[in-house]
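Novice: What shape does this take:
(2 chains)
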Amino acid sequence: MKIGLIGNPNVGKSLIFHQLTGLGVEVSNYPGTTIGLQSGNICFEKEIIEVVDLPGIYSIEGDTEEERTVRAFVDSGEADVIVAVLDAGRLERNLYLMLQVAEYRRPMLVVLNMMDEAERSGIQIDTRKLSSLLGVEVIPTVAVQGKNTGTIIPLALSAARVPTVKVLYDHHIEAAAKSLKTIHNLDWDKAIMALLGHTDNPDVLEAVSALSEEIERMHRMTVAQIVAGNRHHCAERIASEVILSRLPKQGPDIDRLLTTRIPGIPILATILISILLTVFIIGSWLEEAIVNLIENLVMQPFLAAGFHPLAEQLGTSIILAIQAGFGIAFPFIFTFYVFIALLEDSGYLTRAAFLADRTLHSFGMHGQGIIPLVLGFGCNVPAIMSIRLLRTRRERVIASFLVTLIPCSARTVIIAGLVAAFIGLAAAMSVYLIVMVIILITGMILSRVTPGEQFGMILEMSPLRRPIAKNVLLKSWLRIREFLVIAMPLLVVASIVLGLFQYSGLMAAFEEFIEPFSIAVFGIPSYATTALIFGILRKEMALETLVILAGTADLGSVLSMAQIYIFAVVSVLFIPCIATIAVLKKEVGIKTAFVVSAYTLITGILVGALLNMLLT
Amino acid sequence: MQSSFREDILETLYKEKVTGAPATPVQRLATLLGREAKDLDGILSKMEKDGDLEISPDNNIILTSRGAETGGKIMRKHRILECFFSEMLGMAPETAGKEACTLEHSISDETIERLGRYIRGPGRGGPRGMRRGKRWQALTLIEAAEGEHLVISCVRCRGPGSRLNDLGLFPGTPISVVRKIPGNGIVIRVKESDIALSPEIAASILVERPG
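Specialist: Okay, here's the model as predicted:
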């Protein structure tokens, strides 16, 4: 038994999913796509039921990856029941998707969520009438309070029906679909889909192009527009029949504060900066605690046990990897995720995107681009994963360049632990400044040279809502888990490679080799350049390696201030860490991943060399 | 020729202005028009004398309100003609755009007004609305003011146009302007939800003020 949850973005679909399935959630890629589908199992009356949370979409017929994934899922018929989650306050718009899905003639159930919010804005809905018009059960729920969500599974098992509602299409469309149905033996939904150009059969495609040309000539509109118009009309008619009362919206307009230039932009800047500061303070405090804990409870006893040197080296490497993973991932990234989830759930993130739209235009991106850029300050890996949200390849390529340049929390550790500690706060800030200037220049150049067309932003502003602690933590937990799954194995492998390098003496040979280059270009000793190179494995490892290779934690005694500064700037700029390169390859392809890495490498070397000339 | 070139300049500057650029460098204007910057010197200084624009010492052009009015009018004419050619006559978008570029300079205000009304609903309206003395006014969404209630008359947008359809932005759909930051896009309310649009998207949506 399999149930699929479908709905617009921001309708509380994921919340319902988590209430149904609890914590045991699996993320799996649907065949042929990169979109992760979350699924979880529940046991109900001795039967195992798999629930799949489909990505939020506005239409099932579009061309984005999400839309194609959902379409393939619904079309394959692998779900026994499809549960459409609708926002009661935006019934008309939500019904549009429901009507599209209804054409696939699968057993369905409608969940009318956010009944409380609708009621507060004076909307009352006759659910019984809605149910009879659609021909499926309608369950009114308030998912944030857990109200009525318990009845979804029992009703999905006992009362799911194929909807009887039918969109009345324009008679030309109907006629065309009927002829496709008889000549090519297609189902009704397949015939409509074929008319919209979604078919692989060349014969059908040929027939469709002739038919749609005729229709477009008569209507002066594309088939897609006519079909969408008919569906909207049907949704409008149903909504007007079931909505009993609608009071004008009242209450203070908080949005006015958030989405105007003043005070909107100062508020945005304050929020972002205070998040970064808070994450840094909480993060470094937790990091120290966790690192000490592992040091005392695991590392010391392990070293005291006295294994064979090779085994000891391997063991130390693994423990170091785990220590770094939890020391960085948990304190910094998790705290950061909590704040991001807060911004998302409160609806503020869409307002930030609206405000940032203009500025991001100069970098060839749009408002939505603020999400990966902000995420990048936490960790580049999830930031790169989030560039899928951007619609065009052009935007994704630009974003992948900029995100990899953004100082993530690991690089913040270098800046704080090295520059702030040994030189001073102002110098640390200047490192950020250098990076920001490079990001600005890169963005402006990329917006000119990246191929592809630039479209504008079309973004639904999610309503302002009070975030719920449990959901925020759950969201953050799922994300950090995703991060650990990707990054942890890479950390362990990288750490072992480094360990073996040291053990076999290759490190010393490498240092000898790099020495002339290191001194000539960066003006830093060869062991520092070696440390820089190990930063590829994990950014903050550059600092750790430097301490190990220098033989002292008091770096001020072995390196000059200029050397420390150059080391920090270069390690922040040059080459993303290996985990970032891995996700880059996954999201934008191997070629772009290579170009991005090469670009950062060259930028890092150039800036380092320039600083060396200026400072010494 | 001279006057249509002047109108092209004003239209281009107006488009720059509504999408957020407070001033346009002469070089950029030349690129947008596909000309050499030095070719523009003569006409620009003449236009400055006529009070259409101002040129700052560092070679940035700023539209005066007079110039912006003309530019806005030409842009509207362009959009309506383009919409008519592609939506009603079924011409390819590029051809429609090119044709609109030529005709926008010679078409009269009254013709464009009637054409706009025809696009909104062929066969109805025209004379009746005029008799009642209500002026039909077509404008692009970017020109609408905050708080206005409008009806969409034409969506002329490539690429993400289907997303607009899915969100319910159709000819005939009533919308209201929730928020507008000059040069920084617009938030509209459609079917109970708020949608943020970039200026260039808003500029491709033709709306009317219901009379």
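Novice: contacting residues around the residue in chain A positioned nearest to chain B?
Specialist: Distances between chain A and chain B by C-beta to the nearest C-beta are smallest at residue A:456, namely 2.9 Å. Quick note: C-beta positions are derived from backbone N, CA and C, even for glycine. Contacts for residue A:456 were tallied using C-beta atoms under 8 Å, 6 or more residues apart in numbering or on different chains; they are A:366, B:160, B:185, B:197-202.
Novice: element containing it?
Specialist: Counting by DSSP states H and E, there is no helix or strand that carries residue A:456.
Novice: and the nearest residue to it once chain neighbours are set aside, what does it touch?
Specialist: The shortest distance from residue A:456 to any non-neighbouring residue, by C-beta to C-beta, 6 or more residues apart in numbering or on different chains, is to residue B:198 (2.9 Å). Counting by C-beta under 8 Å, 6+ apart, residue B:198 touches A:357, A:361, A:366-367, A:456-458, B:185.
Novice: do residue B:63 as well
Specialist: Residue B:63 neighbours (C-beta under 8 Å, 6+ apart): B:10, B:13-14, B:17, B:52-53, B:71.
Novice: All the strands of chain B, residue numbers only.
Specialist: Ranges of strands within chain B are B:24-25, B:53-55, B:60-63, B:138-140, B:149-155, B:174-180, B:186-190, B:193-197, B:205-208, based on DSSP state E.
Novice: What residues of the third one count as buried?
Specialist: When you say that, I think you mean strand B:60-63. By neighbour count on 16 or more other C-beta atoms under 10 Å in any protein chain shown, the buried set for strand B:60-63 is B:60-61, B:63.
Novice: Quick check: mean pLDDT of that strand?
Specialist: The average pLDDT within strand B:60-63 is 86.
Novice: Can I get that strand in PDB? Just the C-alpha atoms.
Specialist: Below are the C-alpha coordinates for strand B:60-63, written out as PDB (Å, rounded to 0.1, in the frame of the first residue of the first chain):
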ATOM      1  CA  ASN B  60      24.600  59.700 -17.600                       C
ATOM      2  CA  ILE B  61      21.200  60.400 -19.100                       C
ATOM      3  CA  ILE B  62      18.300  61.200 -16.800                       C
ATOM      4  CA  LEU B  63      14.800  61.300 -18.200                       C
END
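Novice: Parallel or antiparallel, list what pairs with that strand.
Specialist: When pairing is defined by DSSP bridges, strand B:60-63 lines up against strand B:24-25 (antiparallel), strand B:53-55 (antiparallel).
Novice: Could you do the fourth one as well?
Specialist: Looking at strand B:138-140 with DSSP bridges, its paired strands and their directions are strand B:205-208 (antiparallel).
Novice: re the thing from before, helices - which of the contacts of residue B:63 land there?
Specialist: Among the contacts of residue B:63, the ones falling in helices (DSSP state H) are B:10, B:13-14, B:17, B:71.
Novice: now stretch A:439-447, how far from the centre of its chain.
Specialist: 23 Å (C-alpha atoms, centre = their mean, to the nearest Å).
Novice: and that stretch, is it in reach of chain B?
Specialist: No: using C-beta under 8 Å from any C-beta of the partner chain, stretch A:439-447 never reaches chain B; the gap is at least 13.9 Å.
Novice: Buried ones in that stretch, by neighbour count?
Specialist: Neighbour-count burial for stretch A:439-447, counted by 16+ other C-beta under 10 Å, picks out A:439, A:442-443, A:446-447.
Novice: Using PDB, write out every CA atom in it.
Specialist: The C-alpha trace of stretch A:439-447 is given here as PDB (Å, rounded to 0.1, in the frame of the first residue of the first chain):
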ATOM      1  CA  ILE A 439      32.200  37.900  -5.000                       C
ATOM      2  CA  LEU A 440      30.800  41.200  -6.300                       C
ATOM      3  CA  ILE A 441      33.300  41.300  -9.100                       C
ATOM      4  CA  THR A 442      32.800  37.700 -10.000                       C
ATOM      5  CA  GLY A 443      29.000  38.100 -10.000                       C
ATOM      6  CA  MET A 444      29.100  41.200 -12.300                       C
ATOM      7  CA  ILE A 445      31.500  39.500 -14.700                       C
ATOM      8  CA  LEU A 446      29.400  36.300 -14.700                       C
ATOM      9  CA  SER A 447      26.200  38.100 -15.400                       C
END
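Novice: show me the contacts for residue A:599.
Specialist: Per C-beta under 8 Å, 6+ apart, neighbours of residue A:599: A:401, A:442.
Novice: That one is in what secondary structure piece?
Specialist: Going by DSSP H and E, residue A:599 is in helix A:590-615.
Novice: Would you mind listing the buried residues in that helix?
Specialist: A:592-593, A:595-597, A:599-600, A:603-605, A:607-609, A:611-612.
Novice: State the distance from residue A:408 to residue A:450.
Specialist: 23 Å (C-beta to C-beta, to the nearest Å).
Novice: who has more neighbours, the two?
Specialist: residue A:408 (28 against 18; other C-beta atoms under 10 Å in any protein chain shown).
Novice: so what pLDDT did the residue of chain A closest to chain B get?
Specialist: Residue-level pLDDT assigned to residue A:456 equals 81.
Novice: and if you look at residue A:387?
Specialist: 87.
Novice: Contact residues of chain B facing chain A?
Specialist: Counting by C-beta under 8 Å from any C-beta, the residues of chain B near chain A are B:20, B:87-90, B:158-160, B:162-168, B:170, B:173, B:178-179, B:181, B:183-185, B:187, B:190-202.
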